[in-house]
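can you look at this prediction? I've put the sequence above it.
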Amino acid sequence: MNTPIARYLGFTGFAILVFMLLLAILGPFIVPYDPNELIAPAFQPPSWSYLLGTNDIGQDIFSELIMSARVSLLVGVVSALIATLFGVIAGLVAGYFGGWAETILMRLVDVKLTLPFLPLMIVVAVFLGPGLITQILVIALVIWAPMARELRSQVLTARRRGFVEAAEAIGAGGRYILRRHLLPNVTPLIIPQFVRAANTGILMETSLSFLGLGDPTVKSWGMMLFYANSRSAFLTDAWLWWLLPPGICITLSVLSFSLLGYALEERVRPRLRTSWRFGASERSANKVRPLKREPQEQDPESPEPLLSVQQLSVEYVTANGAIRAVDSVSFSVRRGEVLGIVGESGSGKTTMAAALMQLLKPPGRLTGGRMLFAGNDLASLDAAELKRLRNNRIALIPQAAMNALNPVYTVQKQLVEAILAHQKIRRSEARIRANHLLQLVGITPDRARAYPHELSGGMRQRVVIAIALANNPSLVIADEPTTGLDVIVQAEILELLTDLQSRLELAMIFISHDLSVVLSVADRIAIMLEGKIVDQSSVNSGVFHPNHPYSQRLQAALPRLKSKHTIPFS
Ligand SMILES: Nc1ncnc2c1ncn2[C@@H]1O[C@H](COP(=O)(O)OP(=O)(O)OP(=O)(O)O)[C@@H](O)[C@H]1O
């Protein structure tokens, strides 16, 4: 729903546009017009008989005005549609796939943008010859390029956002991500661009026709201006009847598209709306007790440990040489066990999580080691096997998880998509399961249709946890799941994770730079420093036994330690 002001403006724009379209469609039935008599008459003194079309000397102004609406609107809208189509395809392909496609498309855009637009239009129009098709092609050619460039940068930004990485983590393919995540996210940009393009199209048609490059066999508002100018209407009183009416029509058309575009943009971009409808707080969500969850499927082929990482190494190849982000790391995780991984920023924790999920992106590459999950080497799985595995057997709660939600979908829809990615059930069943999952993480189903921006940070984090649990994973990798939350909400999320982990008997890798947080949830702890695991120890009642000087320093820096299930902030 739109806000009242946007509704009002949108309705006004819509009403003007409908009026214009009705004039264009019904015009021939209202006014007399002889399509064979195309040359404008010499201007006659203003008279109602001209306006109402009852004068039989040549074409009267009112008839021309109405018949011209057809051509002007048609050229503007069709050229905008063609330009938008090309701009969107070029922007999406260049932004998402990159490589040679991006190079070719962006060089074309550069070439187009460096050419001055009016001479280009004149040269192309003269070359192709005057005509409606020529006008449409020339206008589309001129306006597609800026659109493609803007959309490409939008796609580049969107593809780095958490929800795209989260979609990749749940095994979504490239085309799916393009269609379901990137396209809806750039739609708010496409709509105003289309509106701008339609405005520009109408104005360009006017310019081309005014310059004598219009189609002489049809009338448009631009052609009216051309004939008016050629009969010196600018210099006489004739401008009032000959120039003003097409000028007003052009202005109204442009205005109608702008107002409509504003309302449409607000409708598709929920962030533009105020969230007065929702007043429930994070605290009220916490009052909901998680429901008892059905038992997790047993995986008969899983030997202990569930995950065994041996001598894992990852490098980033940069212009200054290779950076060894993960250096011969070995550890294992058993069923139902929480392994905490602690390390300062840049120690390689996120890189290791990405390697486990097989989500490393260039310039990152696996340079050695094995990752055995339930006996299968993750690095040797093909794309289809990985798709089945992600968010199904292994789930990731990504770093900055609060941004992992797609802003244009409700939380229920995002949960449903995560469920349907791996389970062949009906959408209605998936919705029921989604609500059940929301309850599991302490969110009442009445918030299921909320958009992410209508929820607090803690509630969004709960939704991300629910998505991770959507398909009963055996292993959850939580990468800094409480970063960015205030301490109270942080403690609540930790409590929720610990509760779910023990009830669902999940194996969990809990990654954080905060030793106290990790000690509050972990059964075992591994300390990372400069890509290596320098220390590993079990945790008993919030206490571990550091051997390496770095972990001893970390422990010494702690004011006090608490046992598992006891939150240090509470
Ligand atoms: N795309 C990249 N290109 C080059 N180097 C990278 C890239 N991503 C990470 N690195 C480097 O790899 C190392 C490990 O980074 P990583 O993000 O895995 O650390 P981290 O422990 O997760 O840190 P943080 O907690 O800040 O996210 C760092 O030295 C980092 O600079």
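Nice, thanks for sending it over.

flag every residue of the stretch 251-400 of the chain that's near the ligand.
Proximity of the stretch 251-400 of the chain to the ligand (CB under 6 Å from any ligand atom) is limited to residues 316, 318, 323, 325, 343, 345-351, 363-364. Backbone N, C-alpha and C define where each C-beta goes, glycine included.

what do you get if the cut-off is 8 Å, keeping everything else the same?
Neighbours of the ligand within the stretch 251-400 of the chain, by CB under 8 Å from any ligand atom: 316, 318, 323, 325-326, 343-354, 361, 363-364, 399.

buried subset of the residues you listed, written for ChimeraX?
For the buried members of those, the matching ChimeraX selection, counting by 16 or more other CB atoms under 10 Å, is:
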select :316,323,325,326,343,347,348,349,350,351,352,353,354,364,399
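
can you tell me which of the residues of the stretch 251-400 of the chain next to the ligand are in strands?
Counting by DSSP state E, the part of those found in strands is 316, 318, 323, 325-326, 343, 364.

nearest to residue 109 among those?
Of all those, residue 109 sits closest to residue 318, with 28.5 Å by CB to CB.

looking at it, that closest one is touching residue 362, isn't it?
No: Residue 318 lies out of contact with residue 362 (CB atoms under 8 Å); the separation is 10.9 Å.

for residue 187, give me the pLDDT.
Looking at residue 187, its pLDDT reads 78.

give me the element it is part of.
Element membership for residue 187, per DSSP states H and E: helix 183-210.

which strands and helices sit next to the helix or strand that comes right after that helix?
Later in the chain than helix 183-210, the nearest helix or strand by DSSP H and E is helix 221-230. If you count contacts as 3 or more CB pairs under 8 Å, 6 or more residues apart in numbering; DSSP states H and E, helix 221-230 packs onto helix 61-97, helix 183-210, helix 239-242, helix 244-268.

need the per-residue pLDDT for the nearest residue in space to residue 221 that is not next to it in sequence.
Spatial nearest neighbour of residue 221, excluding adjacent residues (CB to CB, 6 or more residues apart in numbering): residue 246 at 3.9 Å. For residue 246, the pLDDT comes out at 84.

residues contacting residue 246?
The contact partners of residue 246, by CB atoms under 8 Å, 6 or more residues apart in numbering, come to 65, 68, 221-222, 224-225, 228.

what subset of the residues you listed is buried?
Buried residues within the contacts of residue 246, counting neighbours by 16+ other CB under 10 Å: 65, 68, 221-222, 224-225, 228.

just put these in a markdown table and tack on pLDDT and distance to the ligand.
Converted to a markdown table, the buried ones among the contacts of residue 246 look like this (pLDDT from 0 to 100; distance: CB to the nearest ligand atom, whole Å):
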| residue | pLDDT | distance to the ligand |
| --- | --- | --- |
| 65 | 79 | 60 |
| 68 | 82 | 57 |
| 221 | 85 | 54 |
| 222 | 84 | 52 |
| 224 | 83 | 59 |
| 225 | 84 | 56 |
| 228 | 80 | 61 |
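
for the residue most central in space within the chain, give me its contacts.
When the chain is reduced to its mean C-alpha position, the nearest residue by CA atoms, centre = their mean turns out to be residue 185, at 2.6 Å. Counting by CB under 8 Å, 6+ apart, residue 185 touches 154, 158, 406-408.

what about 7 Å?
Residue 185 sits next to 158, 408 when contact means CB atoms under 7 Å, 6 or more residues apart in numbering.

what about it, distance to residue 452?
Applying CB to CB, to the nearest Å, the value for residue 185 to residue 452 is 12 Å.

and what of residue 389?
Using CB to CB, residue 389 is found at 26 Å from residue 452.

so which bits of the helix holding residue 187 are buried?
Of all the residues in helix 183-210, those buried under the rule 16+ other CB under 10 Å are 183, 185-186, 188-210.

my read is residue 478 is in a strand, agree?
Yes: according to DSSP: H, G, I helix; E, B strand; the rest coil, residue 478 belongs to a strand.

could you report the neighbour count for it?
Applying other CB atoms under 10 Å, we find 27 residues neighbouring residue 478.

any chance of the backbone angles for the residue nearest to it when sequence neighbours are not counted?
Excluding the flanking residues, the one nearest residue 478 by CB to CB, 6+ apart is residue 397, at 4.3 Å. Backbone torsions of residue 397, given as degrees, to the nearest 10, read phi -100, psi 100.

SS state for residue 369?
When classified by three-state DSSP, residue 369 comes out as strand.

what sits against it?
Counting by CB under 7 Å, 6+ apart, residue 369 touches 310-313.
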